[in-house]
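[1] give the three-dimensional model of this entry:
(chains A and B)
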Amino acid sequence: MTEEYDVLIIGGGATGAGTARDCARRGLRAALVERGDFAEGATGRNHGLLHSGARYAVTDQESAGECIRENMILRRMASHCIDELDGLFVTLEEDDLQYQQRFIEACRSAGIRADAMDPEEALRLEPSLNPGIKGAVRVPDGYIDPFRLTTANVMDARNHGAVFHTYTEVVGLIRESDRIRGAVVRDRRSGEKREIRARVTVNAAGIWGQGIAALAGISLTMFPAKGTLLVFGHRVNNMVINRCRKPSNADILVPGDSISIIGTTSDRVPYDSLDKVAPTASEVDLLIREGSRLVPSLAETRILRAYCGVRPLVADDSDPTGRSISRGIVCLDHGQRDGLDGLVTITGGKLMTYRLMAQKATDVVCSKLGIEAPCTTAEVPLPGSGSKEGLKAGRMSHKAAMARLGTLAGRIPEEGEMLCECEHISEGEVDYAIRELGAGTLSELRRRSRIGMGTCQGEYCALRAALRLKAAGKSDDFVKKDIMDFLDERWKGVRPVAWGEALREAQFSSWLYEGVYGLGRDGSEKEDAQ
Amino acid sequence: MRYDTIILGGGLSALVCGISLQEKGVKCLIVSSGQSALHFFSGSFELISTDGSQREAMENLPDGHPYRKIGLDRVMELSKSVPEFFARAGYALSGEYDRNHVENTILGSQKQVWLTVGSEGFPPVRGKLPISPLGVKMQMDLRKRFEILGGDYLMGDRAVRGEFRDGRLTSIFTENHGSSPFIADKFVMATGSFFSRGLVSTPSGICEPVLHLDVDCCSDREEWYGKGFFDNQPYMRFGAVCSDRLEAVREGKVLPNVYVAGSLIGGADPIKEGCGAGVAIISALYVARQILEESL
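    Prediction:
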């Protein structure tokens, strides 16, 4: 049986999920396919920085303006995903203080609040700062949880009739003369192929968008730029810290939930290596070295893990050499651009502008389908972001759940044991993520609830959470394999920083999961060891 | 203060060594930071992971493995004395000293184990840290036995450095006792591996932090790890260099009055080989035997 929709969205990052939400709210029958889990790509692999736009003010006024407008919108409609911290742009001893004035003027002309303060005041606000700073500027930066944001968009889209298929990969596009009529997809778990037909298809696959375009025979050149980040073992700073100079490596430190994240690097990588990128030792060393210029204690702080994402930079159509990168959001109507109707690509942009990107893509879809319904995503709060009036939390875990789930925290029971001490996640919250957010593996649970993202990196909570999956009906063999996959995934991030406490914990984890619980890949590997 | 033997570390290996010595009247001090891998005890000891002959499995161990240093005949001979040793401490172990048996883990996997103290070592996984009540009790009981036999157990302290004269260690200093030395004829390093902080790693290398003993490890950090979490992890085999008699080595020279016991000894992979408890117990018994022979 063939499924048929008004719109098919390819990609389950923030942009895809946001597009699904916007389309569904405008009355379209929408379906979304994602080759892995939601927010598994660039959406979940950045700082989680709620940009004020200040970072782009000097070099790119248009992006800066987009950022500050979206920043203000997201504070209202995604309030439960956001921590309104404010940020500081600090001038270090080796930086030019004259840049600060230019920076402040550029911020103000883009509509970004920017207040200069003297070093003493900045150090009082943010004591972790390098005491040698020459100056600081306060801007409305913040933290945004990209997983929570994506989940909330999916939830709202679903409430408005959208259909989601994860672990479903696009292997071909259905072409009828000069129109795209949907996609041929493959269920990556069962291997089964089927057609999903749609009147318009939206390519929101991020960096993988080049491959999707290629399936339609369209040339779309992406410039994959890998960025590596480090997660520190506790919340070192309480405001976003940026360096007041031209954007460069390792100049942003963002506190998020119980941890802090420093980043990033930027290196071009070949398109065919996208699924193999990993943080390197030299990137780790650079991040620590540069990061501890901003906040000296980073040199001594335990690092939990390193991870990297790939920015979806796209070639500028107006440059015939194809070597320039487009600035900002790129929304391509392939009917106009390539004479192939029924296909829209939405790319470029940032996590910050996902909503605006979704709006632009949905506007194009609607105009093709003759729909006049207006966009409401800038006004209507996401599920969880409504008024918290009347909500009460007693226990610590429930307070933490309220911070994570917002108004939806009422859906989880107050009682129940603590499952993750690092992030204060109760059994009830994990059960809620399994039951209502569709988490069927530990990695999905991590993205839906933060299990395994805190200090222990899953050492204590992975087994406990796995037993909740078992209680929800998963088999023993499934659970064993799932724990192993989860630990393998966590190890990828720990390995580049496995010294000191991280190596200690890794040894303990091996001892616990392999030695005591008896997990292991298979007999042959054990034989090799002996 | 002066002792016949000072043992650094308070885990299984340190306690087995200390009790063996006190049983023969050697006056011992144990300096323990309070951490012990016993707190995470599964309920069973492993000597070597195999469903066949333990002795044959040991013959396949790499050169430099602690069992090979001790000598496989001697390992089996010492192994024979283990049930008796724990019986004297009030623990009737099930299983046989020279044959593995199978125990189930909490996840339903089966493991080949050597001697079992109790099969409920590890029940609590919900709401609490994964601490084994059985392991904690055993640690306390062994400590009590050591103290009843006349040993001193210095709890919550940590050796920070040693003093050497004529190629021998003469005394150690601890965190809490500042400049007052603890003096002894013999010393046993049973401070454990990374987890117990017997080994300390930094981005640029690995060291034994108390006496700065020579350590066997790869210098390139990239070579410390396996790719997957369940692959071989080369760092597991890192440890203090020692002679066949388990004497420690410092700056390339054997320290004739310092022995190494337990997981601080390099060359073993306690997880892949299933030999963690075995190396802890057998090396402790071997070191104690040599100290006794020398003090006759």
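[2] what separation do you get for whichever residue of the stretch 301-450 of chain A sits closest to chain B and residue A:426?
    Proximity of the stretch 301-450 of chain A to chain B (CB to the nearest CB) peaks at residue A:417, 3.7 Å away. No exception for glycine: its C-beta is placed from N, CA and C like everyone else's. Residue A:417 sits 7 Å away from residue A:426, going by CB to CB, to the nearest Å.
[3] between these two, which has more neighbouring residues?
    residue A:426 (25 against 12; other CB atoms under 10 Å in any protein chain shown).
[4] OK, contacts around the more buried one?
    Listed by CB atoms under 8 Å, 6 or more residues apart in numbering or on different chains, the contact set of residue A:426 reads A:395, A:397-398, A:401, A:412, A:416-419.
[5] now, the residues you listed that are in helices?
    Secondary structure of these is defined by DSSP state H; positions in helices are A:397-398, A:401.
[6] just the buried members of the residues you listed?
    Neighbour-count burial (16 or more other CB atoms under 10 Å in any protein chain shown) is assigned, among these, to A:397-398, A:401.
[7] min pLDDT across the residues you listed, which one?
    Per-residue confidence across these is lowest for residue A:397, with 73 (pLDDT).
[8] leaving out chain neighbours, which residue sits closest to that one?
    Across the structure, with CB to CB, 6 or more residues apart in numbering or on different chains as the measure, the residue nearest residue A:397 apart from its sequence neighbours is residue A:426 (4.0 Å).
[9] tell me the confidence at the residue nearest to the spatial centre of chain B?
    Geometric centre of chain B, nearest residue: residue B:262, 2.0 Å, by CA atoms, centre = their mean. If you check residue B:262, the pLDDT there is 98.
[10] how far away is it from chain A?
    When CB to the nearest CB, to the nearest Å is applied, the distance between residue B:262 and chain A equals 14 Å.
[11] dihedrals phi and psi, the residue nearest to residue A:397?
    Note on residue A:426: backbone dihedrals following degrees, to the nearest 10 are phi -90, psi 160.
[12] likewise the one 10 residues further on?
    When quoted as degrees, to the nearest 10, the phi and psi of residue A:436 stand at phi -110, psi -20.
[13] residue contacts, the residue lying closest to it once chain neighbours are set aside?
    Of all residues beyond its chain neighbours, the one nearest residue A:436 is residue A:411 (7.0 Å), with distances taken as CB to CB, 6+ apart. By CB under 8 Å, 6+ apart, the contact list for residue A:411 reads A:405, A:432, A:436.
[14] tell me the domain boundaries of chain A?
    Chain A breaks down into these structural domains: A:3-43+A:147-221+A:315-369, A:76-143+A:225-306, A:396-528 (assignment by automatic domain parsing).
[15] for my notes, confirm residue A:229 occurs in a strand.
    Yes. Applying DSSP: H, G, I helix; E, B strand; the rest coil, one finds residue A:229 inside a strand.
[16] can you pull the pLDDT of residue A:526?
    What the model reports as pLDDT for residue A:526 is 40.
[17] list just the nearest of the contacts of residue A:426 to residue A:139.
    Closest to residue A:139 out of the contacts of residue A:426 is residue A:401 (30.4 Å), distances taken as CB to CB.
[18] how about residue A:453, what does it touch?
    Contacts for residue A:453 (CB under 8 Å, 6+ apart) come out as A:257, A:259, A:422-423, A:446.
[19] which of those fall in helices?
    Of the positions in the contacts of residue A:453, residue A:446 sit in helices, assigned by DSSP H.
[20] and of the contacts of residue A:453, the nearest to residue A:9?
    Nearest to residue A:9, judged by CB to CB, of the contacts of residue A:453 is residue A:446 at 23.8 Å.
[21] that closest one contacts residue A:461, correct?
    No. If you go by CB atoms under 8 Å, residue A:446 and residue A:461 don't touch, sitting 9.5 Å apart.
[22] which one of those two is surrounded by more residues?
    In this comparison of residue A:446 against residue A:461, neighbours counted by other CB under 10 Å, the higher total goes to residue A:461 at 28 against 24.
[23] re earlier: make TSV out of the contacts of residue A:453 and add pLDDT.
    Rendered in TSV, the data for the contacts of residue A:453 read as follows (pLDDT from 0 to 100):
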residue	pLDDT
A:257	84
A:259	92
A:422	84
A:423	86
A:446	95
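[24] taking the contacts of residue A:453, tell me the two that lie furthest apart.
    Longest span within those, CB to CB: A:259 and A:446, 13.5 Å.
[25] could you flag which of the contacts of residue A:411 are buried?
    A residue is treated as buried here by neighbour count (16+ other CB under 10 Å); on that basis the buried members of those are A:405, A:432.
[26] CSV for the contacts of residue A:411, including distance to residue B:84 and pLDDT?
    Shown next, in CSV, are the contacts of residue A:411 (distance: CB to CB, whole Å; pLDDT from 0 to 100):
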residue, distance to residue B:84, pLDDT
A:405, 58, 88
A:432, 54, 94
A:436, 58, 92
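[27] make CSV out of the contacts of residue A:411 and add distance to residue A:518.
    Conversion of the contacts of residue A:411 to CSV gives the following (distance: CB to CB, whole Å):
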residue, distance to residue A:518
A:405, 35
A:432, 30
A:436, 33
